[in-house]
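**Student:** mind folding the following:
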Amino acid sequence: MKAVAFNGSPRKNGNTAQLLKIVLGTLEQEGIETEIVQLGGKPIRGCIGCRKCGQNKDKKCVIKTDIINECIAKMDEADVILIGSPTYFSNVTAEVKALIDRFGVVARANNFMLKHKIGAAVVAVRRAGSNIVFDAINKPFFINQMIVPGSTYWNMGQGAAEGDINSDEEGIKNMKNLGENIAWLLKKIK
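**Tutor:** Now for the predicted structure:
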C-alpha cells in the first residue's frame, strides 16, 4: 500500500508541506508507504487541450518538458493520492492547476486509470478562500471515479508564515483524522 503526496507550494517546508507530512505520518503509523513530491516552484506547463492523450492512450501527456508525466506515473502506482496547495487569491497555485488539469484529462483518456484509488485535497490558508481550493483539487478526483474520504472538517489548516500551521490545533487534528480515515478505507479496499 502506497500514498503519494504532491506539494503545490513553492515553499518546500511551508505550511502546506507540514500539513501533508501530518497526513503522511499518520499513514506511515498504519504501515502505508509514503512519498512526497515537490511540485511548487518547478517550471510546469498547463494543459494545451490537444487531446492527444486520448489518441495515444499511453497514460502520458504529450508535453514532456516538465515533471507531470512522472507525477502521473507515481499516481498510477499509488493507492492514495494527496494534492496539497496553499490558497493563492482563493485558488490553487499555478503548478497544482497544471497538475489537476493534465492528470485529470490523461486519466479519463486512459479508461479512468485512477478509478477506485483514494484522493484527498490538503489546503493551507492564511484566512479565507480555502473552500475554493479544496473544491478545485477534489473535482478531478470525483470526475475520475476516485474515492474521496472526509475528515472532521474540510482538509485545511490556517497559518500565514512558515510554521504558523503548528498553532492551528483544529487543522492538525483534521489532518490526523484524514490520515486515519484514509488508512481505514485503504485497508477495507485492499
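
**Student:** quick one: buried residues of the helix or strand hosting residue 20?
**Tutor:** Assessed by DSSP states H and E, residue 20 sits inside helix 15-29. Residues of helix 15-29 classed as buried: 15-24, 26-27 (neighbour count, 16 or more other CB atoms under 10 Å). C-beta here means a position set from N, CA and C on the backbone, and glycine is covered the same way.

**Student:** and which of these is nearest to residue 94?
**Tutor:** Closest approach to residue 94 among these (CB to CB): residue 16, at 14.2 Å.

**Student:** go ahead and confirm the closest one touches residue 84.
**Tutor:** Yes - with contact defined as CB atoms under 8 Å, residue 16 counts as touching residue 84 (4.4 Å).

**Student:** shared neighbours, the two?
**Tutor:** Counting by CB atoms under 8 Å, 6 or more residues apart in numbering, the residues touching both residue 16 and residue 84 are 7-9, 122-124.

**Student:** drop anything exposed from those residues.
**Tutor:** Neighbour counting over the shared contacts of residue 16 and residue 84 (16+ other CB under 10 Å) leaves 7-9, 122-124 as the buried ones.

**Student:** for stretch 126-137, which outside residues touch it?
**Tutor:** With contact meaning CB under 8 Å, 6+ apart, stretch 126-137 is reached by 83, 85-87, 89-92, 96-97, 100, 121, 123-125, 154-156, 158-160.

**Student:** regarding the protein, what is its longest helix?
**Tutor:** Counting by DSSP state H, the longest helix found in the chain is helix 169-189.

**Student:** for the chain, list the residue farthest from the centre, please.
**Tutor:** Among the C-alpha atoms of the chain, the one farthest from their average position, using CA atoms, centre = their mean, is that of residue 55, at 26.2 Å.

**Student:** circling back: filter the contacts of stretch 126-137 down to the ones in strands?
**Tutor:** Under the assignment DSSP state E, the contacts of stretch 126-137 contribute 83, 85-86, 121, 123-125, 156, 158 to strands.

**Student:** circling back: could I have the buried ones of the contacts of stretch 126-137 as PyMOL selection syntax?
**Tutor:** What follows is the PyMOL syntax for the buried subset of these, where burial is set by 16+ other CB under 10 Å:
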select buried, resi 83+85+86+87+92+96+97+100+121+123+124+125+154+155+156+158+159
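
**Student:** and residue 125, what does it touch?
**Tutor:** Contacts of residue 125 (CB under 8 Å, 6+ apart): 86-87, 133, 156-158.

**Student:** check the spacing between the nearest residue to residue 92 once chain neighbours are set aside and residue 165 real quick.
**Tutor:** On the basis of CB to CB, 6 or more residues apart in numbering, the spatially nearest residue to residue 92 that is not a chain neighbour turns out to be residue 85, at 4.3 Å. Taken as CB to CB, to the nearest Å, the spacing of residue 85 relative to residue 165 amounts to 14 Å.
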